[in-house]
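Participant: Take this sequence and fold it.
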Amino acid sequence: MGRLIKAGLTGVTVFLWILMAGLLTGCGSRNGEIAEETVQDENIETEADIFLPETAAPFPSAATSTSAAPAVMLAAPFPTVPPDALLRTDGIDGSFGIGSASVLRGKNILVSLFLTTPDNAFTEEEKEICLQRLKEAAIYIEETAFGYGVETRFILDWSEENSQDLCMEKTVDFSISDDSDFMDALDEAFAQWTEEELSYERLLQEYGADGIATCMFVNAPGRSYAIVYDGEDNVRESLVMFVRNDKGTEEEPAVYAHEILHVFGAHDLYRGEEYSRAVTDYIAANYPDEIMRSVAGEGRISEQISRITAYHLGWIDEIPETESFPELIR
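Facilitator: Here you go, the predicted model:
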């Protein structure tokens, strides 16, 4: 349930070392963190009184929304940070508006890549399960976006007739393990594949899409994570999804949704990750079901996308919370 900043092919191993402490003990879609974060729902005791901007607005939904979706804002392929953009000084990096998956509006492609190693491969049934969960996560995001008056659609065609385009396999000659050598090798293989073997530009043009990201599935327990672009070398954004978490249970659609949202600008909102205790306590009190805070991991997605995450995704232009918590400014 985390985000990593990808700095490029040669420096790509750095971001995985940051994760090494817990990567293969987590679960899919940075869910290892999610699973614990979710439970990190702890009985929060605020150390000091926190000024609450205003009563948290109810979560919109496609079923209750009556607002018409606005015209789709098209994102230029692989946008880069404007030369006059203000640089953040609070240590928080955001990927909203930049990278291959820049804005969660319009059409965005999700390419699925199944990793085969000497000791771990996917059966057809296992692939279908992963793809079905990916689809459920995509539908959930699309419907929630509509509730905010935003039109977005994911292209993740995993039907047999177009599987060569958007659903593929990658074979490596190293085994899955929990050591740094494996993670380093995985990082190198994934980075090389996205750089040399997959044409993001061609797919964007062929499908008339506005953004693209790759989702690598690893058939092993681990902690899933998102590789986001923060203005450095490599704009190709992606997800690494371990299909089981550190408890050995299958990752649920909510974990997939959490990681997908990361590449479009969403931040982790649970304690001890990206924001101060004051912020995470406020979110726990006002948005306990926020999907970037925790996931229940029980089948159907029951979590919500609060106005804070909607703001980070660019679905809404401002939120009152930024007045009290400037660190939330995207």
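
Participant: Let me see the ranges of the helices in the stretch 101-250 of the chain.
Facilitator: Here the stretch 101-250 of the chain has its helices, by DSSP state H, counting those that start in this stretch, at 124-147, 163-166, 180-192, 200-207.

Participant: so which of those gets nearest Val243?
Facilitator: Taking C-beta to C-beta, helix 124-147 is the member of the helices of the stretch 101-250 of the chain nearest to Val243, at 6.1 Å. Backbone N, C-alpha and C define where each C-beta goes, glycine included.

Participant: Thr214 is in contact with Met241, isn't it?
Facilitator: No - Thr214 lies out of contact with Met241 (C-beta atoms under 8 Å); the separation is 10.6 Å.

Participant: follow-up on the earlier one: comparing the helices of the stretch 101-250 of the chain by mean pLDDT, which bottoms out?
Facilitator: For those, mean pLDDT drops lowest on helix 163-166, to a mean of 72.

Participant: so where is this structure shaky, pLDDT-wise?
Facilitator: 1-93, 158-164, 178-179, 233, 297-298 (pLDDT under 70).

Participant: mind redoing it with 50?
Facilitator: 6-52, 55, 58, 61-76, 81-89 (pLDDT under 50).

Participant: So what does the nearest residue in space to Trp315 that is not next to it in sequence have for phi and psi?
Facilitator: Nearest non-adjacent residue to Trp315, counting by C-beta to C-beta, 6 or more residues apart in numbering: Tyr148, 4.4 Å away. Main-chain torsions, Tyr148, degrees, to the nearest 10: phi -90, psi 10.

Participant: For Thr214 and Met241, indicate the residue with more neighbours.
Facilitator: Ranked by neighbour count (other C-beta atoms under 10 Å), Thr214 and Met241 place Met241 first, with 29 against 25.

Participant: And the strands in the protein, which stretches?
Facilitator: Counting by DSSP state E, residue ranges of the strands within the chain are 2-5, 106-116, 152-155, 167-171, 211-221, 225-228, 238-244.

Participant: residue contacts, Arg330?
Facilitator: Gly94, Phe96, Gly265, Tyr311, His312, Gly314 (C-beta atoms under 8 Å, 6 or more residues apart in numbering).

Participant: The last one and Asn234: what is the separation?
Facilitator: When you say that, I think you mean Gly314. In this view, Gly314 and Asn234 are 22 Å apart by C-beta to C-beta, to the nearest Å.

Participant: okay, the two: which has more neighbours?
Facilitator: Asn234 (22 against 19).

Participant: Go ahead and confirm Tyr282 touches Glu321.
Facilitator: Yes - at 7.4 Å, Tyr282 counts as touching Glu321 under the criterion of C-beta under 8 Å.

Participant: Overlap in contacts, the two.
Facilitator: In contact with both Tyr282 and Glu321: no residue, using C-beta under 8 Å, 6+ apart.

Participant: Which residue, neighbours along the chain excluded, lies closest to Phe154?
Facilitator: Phe154's closest residue in space is Ala138 (C-beta to C-beta, 6+ apart), at 3.9 Å.

Participant: and the one you found, what does it touch?
Facilitator: Applying C-beta under 8 Å, 6+ apart, the residues near Ala138 are Leu110, Phe154, Leu156, Ala257, Ile260.
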